[in-house]
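In: got a predicted structure here, sequence first:
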Amino acid sequence: MALITAEEIFEICRAEMPLVLDLGLEIQDIGEGTCRLRQPYREAFVRPGGTISGPTMMGVADCAMWIAVMSVVGKAEMAVTTSLNINFLKRPKPVALIVECRVLKAGKRLAYGEVSLFSEGEEDEGPVAHVTSTYSLPPR
């Protein structure tokens, strides 16, 4: 069972991180160490060439990892990214992104996980990007 709810995530964002709310992320599911998000399509996320921009995908992946980490350790607003590595696998369509994240290991000080991003409606065709990320956890 997840140690944080979608409503608690949005409460933290309203109070501390309004930029996350500006992205318009939709939380579809939160499990223990997992989350699934939907990033609605916006013209502002498209780069020249008609594809979703890398910074958009990186930001969404980072948000997903933050949520998945808190689903394991509970409210930890001060959990911070220490590394994020992204591999762009294929050109995303100019549509919404589906984001699936899972924490692979959560220790006392660090959490490590992976995020896969898909063009909505094309999830069966494989991810458009794959991310690995490490988070530093605050003392509990």
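Out: Good, I have the coordinates. Everything numeric here is computed off the predicted structure, so don't read it as measured data. Residues are numbered from 1 along each chain as shown.
In: which SSE is the nearest residue to Glu77 once chain neighbours are set aside in?
Out: For Glu77, ignoring the flanking residues on the chain, the nearest one in space by CB to CB, 6 or more residues apart in numbering is Ile12 at 5.5 Å. Bear in mind the C-beta positions are built from the backbone N, C-alpha and C, glycine included. Assigned by DSSP states H and E, Ile12 belongs to helix 6-16.
In: what's the very next helix or strand once past that helix in contact with?
Out: Heading C-terminal from helix 6-16, the first helix or strand you meet, by DSSP H and E, is helix 18-23. Residues from elsewhere that reach helix 18-23, judged by CB atoms under 8 Å, 6 or more residues apart in numbering: Phe10, Cys13, Arg14, Gln39, Gly59, Val60, Cys63.
In: now do the helix or strand that contains the last one: distance to the chain's middle.
Out: Spelled out, that is Cys63. Assigning secondary structure by DSSP H and E places Cys63 in helix 54-73. Chain-centre distance of helix 54-73: 3 Å, with CA atoms, centre = their mean, to the nearest Å.
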